[in-house]
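K.L.:
Below is the sequence, then the predicted model.
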Amino acid sequence: MITFITVVNLSSIDLNLLHVLAVALEERSATRAARRLGVTQPAVSNALARARDLLDDPLLVRDGRGLSPTPAAQAILPELAAAMHKLRSVLEPRRPFDPRSSTRELTLACADNSQLADVPPLAAALAREMPLARLRVVSIDALMAAGGLSADGIDMAIGLRRRQPGVRVAPLYEDPIAAVVRRDHPAVGKRLTRSAFARLAFIDVHLALGRPGAGHAFVEHALRARGLVRRIGLVVPGFSAAAMAAAGTDLVALMPLRVARALASNLPVRIVEQPVQDLRIDMWLVWHERTHEDPAAAHLRKLIVQTLRAPDRPAAG
């Protein structure tokens, strides 16, 4: 655990070291951190070396693919990121927010179903309303590795509702679960019957750090409640990989209808009804209290809701 000597003299600490450390911990790469900070990679490495001396911990160690945070670094990242965000909010000049002139980079976390189905219309809306801003889309893995929405670096997420302290939500849409099979599948007609469901093997999707997430658990519970058990023949980390695998095999993939439609328009697969007709996932816009008053983030949230919310969804959740 990182500890300071009894009394910390803040005047002797270069706060830029903590900023570099926070970005490096989020990016897990000195090169990517340098690009994000607008400095050279040696400058980042030098700052990390000084931060290691300051905190008396290795902080980031090489793991063959990049840099991995030590347990102590993982423990301080949420508080460090929140402190950097607070400091920026104090130092940045207070002026009216103009979405058309804003050059902010805003970060949205979502799984590949939203990346494929929701990001394209959202990018078009952003180009119209915030033409100079930049939207950075990251995976759910990146959200979890960063320490969640409470940590600096990710402004909001699209996904399932999160019941956590300090987290706000807004409903977007309901997405029915459909089955995807190859176009000439010999055992599936217009719908996937219960008998075919029992005979065929399925492609499972583990979106979060290679493990089943909350949406997966919801679907599995609903299927089992109706006496349906999937026999898994393949596990992949995303719905696009699942659809591509289904296109070349007799395997069946279950996925949200919005992403199924996007994939079926580009791959030799077709969408068929699955036996549980009322099986659907509620999708939400999720953000943390720390970004709630940020004008740029608030404007992006407004765009997301205007672009993606179904007409029959309530205005608050």
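P.N.:
Sure, I can see it. Small disclaimer: the values here were computed from a predicted structure and weren't measured.

K.L.:
Tell me the buried residues in the host helix or strand of Pro120?
P.N.:
Remark: Pro120 resides in helix 119-129, with elements defined by DSSP states H and E. If you call a residue buried by 16 or more other Cβ atoms under 10 Å, then helix 119-129 has these buried ones: 119, 122, 125-126, 129. Glycine gets a C-beta too; all of them are placed from N, C-alpha and C.

K.L.:
average pLDDT for it?
P.N.:
The average pLDDT for helix 119-129 rounds to 96.

K.L.:
Can you list the helices and strands that that helix packs against?
P.N.:
strand 105-110, strand 134-138, helix 295-308 (3 or more Cβ pairs under 8 Å, 6 or more residues apart in numbering; DSSP states H and E).

K.L.:
Closest to Phe239 out of the buried residues of helix 119-129?
P.N.:
Among the buried residues of helix 119-129, Val119 lies closest to Phe239 (Cβ to Cβ), at 13.5 Å.

K.L.:
How about the closest one, nearest residue that isn't a chain neighbour?
P.N.:
Nearest-residue entry for Val119: Val137, 5.8 Å, with adjacent residues in sequence omitted and distances by Cβ to Cβ, 6 or more residues apart in numbering.

K.L.:
The one you found - how many residues pack around it?
P.N.:
The number of residues packed near Val137 is 17, by other Cβ atoms under 10 Å.

K.L.:
ditto for Ile76
P.N.:
As a burial measure, the neighbour count of Ile76 was computed by other Cβ under 10 Å and equals 22.

K.L.:
what does the longest helix belonging to the chain rub up against?
P.N.:
Ranked by residue count, the top helix of the chain under DSSP state H comes out as helix 71-91. Outside of helix 71-91, the residues that reach it under the criterion Cβ atoms under 8 Å, 6 or more residues apart in numbering are 1-2, 15, 18-19, 21-22, 25-26, 55, 57, 59-60, 69, 146-148, 150-153, 290-291, 294.

K.L.:
Now list the buried members of those residues.
P.N.:
Neighbour counting with 16+ other Cβ under 10 Å marks 18-19, 21-22, 25-26, 55, 57, 59-60, 69, 146-148, 150-153, 290-291, 294 as buried within the contacts of helix 71-91.

K.L.:
which regions of the stretch 1-150 of the chain lie under the pLDDT threshold?
P.N.:
Within the stretch 1-150 of the chain, the set of residues satisfying pLDDT under 70 comprises 1-12, 65, 89-94.

K.L.:
Assign a three-state SS to Leu234, would you?
P.N.:
Here Leu234 is strand, with the state taken from DSSP: H, G, I helix; E, B strand; the rest coil.

K.L.:
Next, find the distance separating it from Leu116.
P.N.:
When Cβ to Cβ, to the nearest Å is the yardstick, Leu234 and Leu116 sit 19 Å from each other.

K.L.:
When the two are compared, which one has more neighbours?
P.N.:
Residue environment comparison for Leu234 versus Leu116 gives the larger neighbour count to Leu116, 22 against 16, counting by other Cβ under 10 Å.

K.L.:
who's in contact with that one?
P.N.:
239-240, 259, 262-263.

K.L.:
what helix or strand does it sit in?
P.N.:
Assigned by DSSP H and E, Leu116 belongs to helix 112-117.

K.L.:
before we move on, the earlier item: list the contacts of the residue nearest to Val119.
P.N.:
By Cβ under 8 Å, 6+ apart, the contact list for Val137 reads 107-110, 115, 119.
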